[in-house]
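Novice: Output the structure for:
(chains A, B, C and D)
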Amino acid sequence: MKLYEFQGKALFEEAGIPIPRGALVTADSRKDLFAPSAVKAQVLSGGRGKAGGVLLVSNMEEAEKAADSILSLELKGEKVSALLVEEKMDIRREYYLAVTFDGEARTPLFMVSPSGGMDIEAVADREPEKILKLPVDPLWGITDYKIRAMADFLGYEDKKEFAAFVRRIWKLFREKDAVLVEINPLVVTDKGLVALDSKIELDDDALPRQKALFETLGAEQLRITGQEGEKGGGTITYVPLEGNVGLISDGAGTGMLTLDLIRDMGGEAADFCEMGGLTSPEVMYSALEQVLEDKRIKSLLVVLIGGFNRMDEMAEGILKYFSDHKSDLPVVVRLCGTMEEEGSRMMTEAGYPVYDDLRTAVSDAVRFAAEGE
Amino acid sequence: MKLYEFQGKALFEEAGIPIPRGALVTADSRKDLFAPSAVKAQVLSGGRGKAGGVLLVSNMEEAEKAADSILSLELKGEKVSALLVEEKMDIRREYYLAVTFDGEARTPLFMVSPSGGMDIEAVADREPEKILKLPVDPLWGITDYKIRAMADFLGYEDKKEFAAFVRRIWKLFREKDAVLVEINPLVVTDKGLVALDSKIELDDDALPRQKALFETLGAEQLRITGQEGEKGGGTITYVPLEGNVGLISDGAGTGMLTLDLIRDMGGEAADFCEMGGLTSPEVMYSALEQVLEDKRIKSLLVVLIGGFNRMDEMAEGILKYFSDHKSDLPVVVRLCGTMEEEGSRMMTEAGYPVYDDLRTAVSDAVRFAAEGE
Amino acid sequence: MAILVNENTRVIVQGITGKSGILQTKSLLEYGTSVVAGVTPGKRGNSVEGVPVFDSVVQAMERCTPNAAISFVPPMFAKDAAMEAMEVGIELLVLTMEGIPKHDVLDILAYAEGRNIRVIGPGTAGVISPGKCKLGAHPSRMFIPGKVGVVSKSGALSYEVGKTLTDAGIGQSTVVALGGGPIWGMNQRDAVELFNDDPETEIIVLLGEIGGGTEIAAAEFIAKAVKKPVVSLIVGRSAPEGKSLGHAGAIIRGNKGTAASKIEALERAGVHVALSPAQVVDIIRKLG
Amino acid sequence: MAILVNENTRVIVQGITGKSGILQTKSLLEYGTSVVAGVTPGKRGNSVEGVPVFDSVVQAMERCTPNAAISFVPPMFAKDAAMEAMEVGIELLVLTMEGIPKHDVLDILAYAEGRNIRVIGPGTAGVISPGKCKLGAHPSRMFIPGKVGVVSKSGALSYEVGKTLTDAGIGQSTVVALGGGPIWGMNQRDAVELFNDDPETEIIVLLGEIGGGTEIAAAEFIAKAVKKPVVSLIVGRSAPEGKSLGHAGAIIRGNKGTAASKIEALERAGVHVALSPAQVVDIIRKLG
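Specialist: Okay, the predicted model is just below:
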């Protein structure tokens, strides 16, 4: 679950991490607007600054105008419905600080850079030496010597303050089951370090043990911005593409292989849709609903190879869908693996041919799609 | 630092560990005495129950009498100056639960027994199968499966309550730098688990980072009981013995070796006194003060073999002491190791012979002592 | 020999009394895997398909001395169960579940690291040494004993290639699926190293996909240390840039992790790169 | 060869700019120990007795590739410094300081456990392989090269016996002091095992004391696995029961940990038990 800036900052405040004094303003309630201030669009996507989503104002008149302007924006498809209005800070330097994890190295990872306030991916590309990456043993926790290395890298003098700051970030990262806590910029003011921005993403897989937190944040997102944060964690991945062969697979690896084979055979997939590891008739049904919403599709290719996944359940989902939604679309189902006899029998009895060889299935699906155009 | 029961219970309460409702009563202030209740002597030693240090009372009259009686006790040399008065509990079962560390296994250790309320060392001796010992990885923390194993061993039904209880004990153990948290008995009542007793010892080595806690507890001990808890952590170990050879060494190993050699040569040490690893002239001076308080001593044997320890500093301490305290006592100093030339020179110039061979030194010290009788 | 699992593997099933646990235990036993014990807290004394059930891995260890574990424990309890197996001395852990909280996965892998404990997954289809031991969800008919070692991040892709090899009469020493999650234990390089040291494996098949850099790391290791022929298939060549295709690792960032960059690194390391499972078969036939 | 330290040991001194750090660095260098770097946060660019000082072990590792560390870091910072050395890949850690908080010691040892990192101490005098490398506080003149391996919990006792051997012309392969704290890393059994595997060591001297059970564990190991002659001296025979004599381990509980019970176990294991350092010499002379 991605959090809005104001939500991240509320978590910061609770954790003792300094933030600017601020207030939330919505289209319905502007009573807390103040000036001079920074007026900031609350959206989940990045790059709002360049798109006019952050304005500095000196008086209330400017503040009202800024609020009007930003509340009318749509940033990368997100309508702005809330603003965070914050005191202006006397900024001396801007750092970047984040903690996330490095999946390939299998470890939590701190990243700091003295080039804060900028697009950090651009810094990573062009000046990688300006980013210090420090893995952390999750059981041991962040060590003093790594904190010192970060402070030295940034050139920040007050080591004690910096250490306390970093330890609080680490604690928040662990205790709230965050997968990302990013502060860009982390600013140096005359009063010390202040988190001027906040980008937090929580681990959806941790929902069961963070229920209260997720519910509170989710309800807040709905109430204030009219939309919830993006959620991962669902089993179905759906990515719309440009072609006319509707594709569903029960694994990302075979899905990508099929995508390649479709193109190799002169076709184009209309989508990439995979259902994840352990699925069910209901998931199969939902996948079909999702994929077949796309009316450009001229043939449907379902590629199944069951391990934990049961082919009888997949057949059940497919047959249920097509009994609920009559369709003339050519349907190519490659079905093998766990409970394949039962699955094949069900499909065949219902009049759907079943393929065992992937190449033949792809070839037929591509041909049917071409014929349908 | 050993804590009194009432202090341990205050830490329990802060940590969310259930304790009986209670009040502290001193000789000066009995206003909080109540009945029916259990009136309990606050002492650092064990075995107070058998010695009349715990009395159950039904009414205020009995309570006053019990207070009089217990406040007049001296238990294993400790004068009772404070009482913990607690509500009587409806006890169904008595368990033993402790967490400490096993130095040889290099790991924290939980111990539970269904035979609570008794002398646990006797249980360990006679029915070791009635104690379950579970080591804990300190970086990982106490695991659910070990908590389940404990609950199963005790036969306690409410696993959730038990798990929360144990996790709080573990957290207290870690966060307060305890070396022992012991509850004997941990009682099962109709309201669930209650810590009926508390025995906590904090790590004196952790004082610098637990300063506020140590100061608060120390001041409380002084104010209420008139004495502070026992403290380890000092560098000097002093154990009075029965003989007439005063012994000081700069290491426990050589100290014990010398003790053996003294007896092998027909003498008896008056004490065992060792100064620990890295010492100083001041520590040497204090050790002499401590040892030479014993007027039975007929000769003094100082056994030094310096590694981290500097022999010039040891000589400085010895000479300073004997310049402040004139004495006719035969003094045998075995001095070798780091800075031995300088140390020897200082001693010799001041008229003290210096030994290099331990056996000769012991032999002379034993002979001088015998001659002095 | 084979790698990771063989005829001497003694398996404990964690979470044996759940729906997946029962179903998969049946499938493992049917394959001939030596499932010696199962664990579900509170279910001691029961049995599943004839396998004795214990309350804890400690109890199971005392009586049945397993040396590998496969876990079907629900995600929120997976970390504790993994620690239980690791502390008791289990040296191979197959974590089948998806959805384990990330911090729990990080903790499990941090503990395993450096202790010689191999963790496969989470979110893995597991590992099979055909004819000897199956410790995963592999459909049996798709695998036959032989001399080709296969490693794949994706489980389904490992079945697909296994099936194609088997249909062509080419047997496998061991087929390992590493799991598709954003954090996982054993990686391609580790598996290639094991295959390289396994006398029974003559040809190594490395299945990869777009995103991340683990195939590049494997290529570097192959260039340096592997003498056996390696055949590789990288899927996702036709994937759109910057989109996640299911596996969280499969996001193209700049030039990093594209199929093209991986294929180039592999070819530079002397690896035979195929464009489809059928081509994998063709190359192996030529090599053989 | 010798054990733990030899001519190939490259030492980093942690806490090098403190009083003990400076003094001991001088002493190590005088002995000929290869001290390649020192660390004190914030002191990068300085040098101590010609040894370059760095802010962190990482920096020192990059430039000087040490493989062993001796720490004089103050107790409250000792845990962090130990982790720094261990994470960077140092495989032998000598913790000289007393007074490290117990939970910190437990954490250090839990991390080292199973990672092949040897921790000696805390509260140890360290280790010396005479003529090759000194990584501790040993007075040099008390040790000469030879074939007797000595292990002791107490530092001073290891000097005492080293001195007695040296005065008698008997040299040592390595002399290890384990530290007298209530929790410590390497124990007698570990050291005996290393001596047993060391071709340069022909006789093992095991110095023990009352309290605890580590000498018993060593005796069991000796009975099972050690072919070389072992000579033992257990001090504290004349200690009063139930009193702590400095080393926290040295408390007699029931029959456990008495000198008599240890001597009995050692004799049963075929160990030659001496009653004084002089007798150790006598026995070794007879053996030689």
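
Novice: dump the residue contacts of the residue of the stretch 151-288 of chain C found nearest chain D.
Specialist: In the stretch 151-288 of chain C, the residue found nearest to chain D is C:G185; the distance is 16.3 Å by Cβ to the nearest Cβ. Every residue, glycine included, has its C-beta placed from N, CA and C. Applying Cβ atoms under 8 Å, 6 or more residues apart in numbering or on different chains to C:G185 gives the contacts A:106, C:93, C:95, C:108-109, C:112, C:118-122, C:178-179.

Novice: got it, and A:E282?
Specialist: A:G317.

Novice: Checking it next. Helix, strand or coil?
Specialist: The local conformation at A:E282, judged by DSSP: H, G, I helix; E, B strand; the rest coil, is helix.

Novice: Look up how far C:G155 lies from it.
Specialist: Distance of A:E282 to C:G155, given as Cβ to Cβ, to the nearest Å: 21 Å.

Novice: repeat for C:I210
Specialist: Distance check for C:I210 against C:G155: by Cβ to Cβ, it reads 17 Å.

Novice: neighbour count winner among those two?
Specialist: C:G155 (33 against 26; other Cβ atoms under 10 Å in any protein chain shown).

Novice: I'd say A:V302 and A:T254 touch.
Specialist: No - assessed by Cβ atoms under 8 Å, A:V302 is found out of contact with A:T254, at 11.2 Å.

Novice: What residue spans form the domains of the chain?
Specialist: Because you didn't say which chain, this covers chain A. As assigned by automatic domain parsing, chain A contains the domains A:21-86, A:93-206, A:237-371.

Novice: ah, no, chain C please
Specialist: C:10-120, C:138-287.

Novice: Take the ones you listed and lay them out in a markdown table including distance to D:G38.
Specialist: Listed next are the domains of chain C as a markdown table, based on distance: least, Cβ to Cβ, whole Å:
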| stretch | distance to D:G38 |
| --- | --- |
| domain C:10-120 | 27 |
| domain C:138-287 | 35 |
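
Novice: mean pLDDT lowest for which of the ones you listed?
Specialist: With a mean of 90, domain C:138-287 has the lowest mean pLDDT of the domains of chain C.

Novice: ok now it, how far from the chain's centre?
Specialist: 12 Å (Cα atoms, centre = their mean, to the nearest Å).

Novice: List the residues that contact the residue in chain C positioned nearest to chain A.
Specialist: Nearest to chain A in chain C, going by Cβ to the nearest Cβ, is C:S154, at a distance of 2.3 Å. Going by Cβ under 8 Å, 6+ apart, C:S154 touches A:G251, A:A252, A:G253, A:T254, C:A177, C:G180, C:L207, C:E209, C:V235, C:H247.

Novice: measure it to A:L193 for me?
Specialist: Applying Cβ to Cβ, the value for C:S154 to A:L193 is 44 Å.

Novice: Where does pLDDT dip in the stretch 201-350 of chain A?
Specialist: Along the stretch 201-350 of chain A, segments meeting pLDDT under 70 span A:227-234, A:277.

Novice: again, only this time at 90
Specialist: Applying pLDDT under 90 to the stretch 201-350 of chain A picks out residues A:222-237, A:251-252, A:275-279, A:306-309.

Novice: Closest residue of it to chain C?
Specialist: For the stretch 201-350 of chain A, Cβ to the nearest Cβ, closest residue to chain C: A:G253, 2.3 Å.

Novice: Give me the outermost residue of chain C relative to its centroid.
Specialist: Most distant residue from the mean C-alpha position of chain C: C:G45, 31.0 Å away (Cα atoms, centre = their mean).
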